[in-house]
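>>> could you work out the structure for the sequence below:
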Amino acid sequence: ENSLSSQTSSEGQGSCVPLDQCDSLQVMWESRYIMMNTLEALGALERAHCGFLGSSHVPLFRCPEDPINEVGRHVITDGGFDTPACAGTVKLFGNGDAEPEVVARDSISKVKVVVDRVVVVGNCCWRLHRNKRFRGRSLTVRPGATHTGIGNVKSIKKLKECPVM
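Below you'll find the model as predicted:
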């Protein structure tokens, strides 16, 4: 059989495995839109590509970590996985609106809008408050999540870090 199959790198960089078996590359690929690093993710996959599984069209990648030998040594903050500075906007839409009523690039202490739908662009988290000056009940909105039927929003806080879920 002439096709490439799962193999081990002679340089000790890890085995050639399908993407779903390589956590570091999988995380980078799945978060490419949220982290706004699609080109970086594609480049990493291209550099790690090492063939196909048997005669199938399933690509194999040289995983940059060896889970058996390096347990606990890799942290999410090594090389290119650092959390980038918060950048982006939050768009608040009224009921049935095609265009947002409010687009915030930073915190707004006084605003008055009835929100039906929220779209987060970029990698920031935002807290939407029922009262002005960031008081009252609030809802945290995250990149990639869909939020509908929010109701009254009177202040918007841009968060330095997304809260741990």
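
>>> so who does Lys96 touch?
Quick fix: residue 96 is Gly, not Lys. Gly96 makes contact with Asp116 under the criterion Cβ atoms under 8 Å, 6 or more residues apart in numbering. Backbone N, C-alpha and C define where each C-beta goes, glycine included.

>>> ok, it to Leu19 distance?
39 Å (Cβ to Cβ, to the nearest Å).

>>> with Arg142 instead?
Separation of Arg142 from Leu19 (Cβ to Cβ): 24 Å.

>>> what residues sit buried inside the longest helix along the chain?
If you go by DSSP state H, the chain has its longest helix at helix 38-48. Across helix 38-48, burial judged by 16 or more other Cβ atoms under 10 Å covers 41, 44-45, 48.

>>> between these, which is closest to Val153?
In terms of Cβ to Cβ, no member of the buried residues of helix 38-48 lies closer to Val153 than Ala41, at 33.3 Å.

>>> just to revisit the earlier point, the longest helix of the chain - contacts with which helices or strands?
For helix 38-48, the packing partners by 3 or more Cβ pairs under 8 Å, 6 or more residues apart in numbering; DSSP states H and E come out as helix 23-30, strand 59-62.

>>> and the angle from the lowest-mean-pLDDT helix or strand in the chain to helix 38-48?
When the helices and strands of the chain are scored by mean pLDDT, DSSP states H and E, helix 23-30 comes last with a mean of 81. Angle of helix 23-30 versus helix 38-48, following axes from the mean of the first three to the mean of the last three Cα atoms, to 10 degrees, is 140 degrees.
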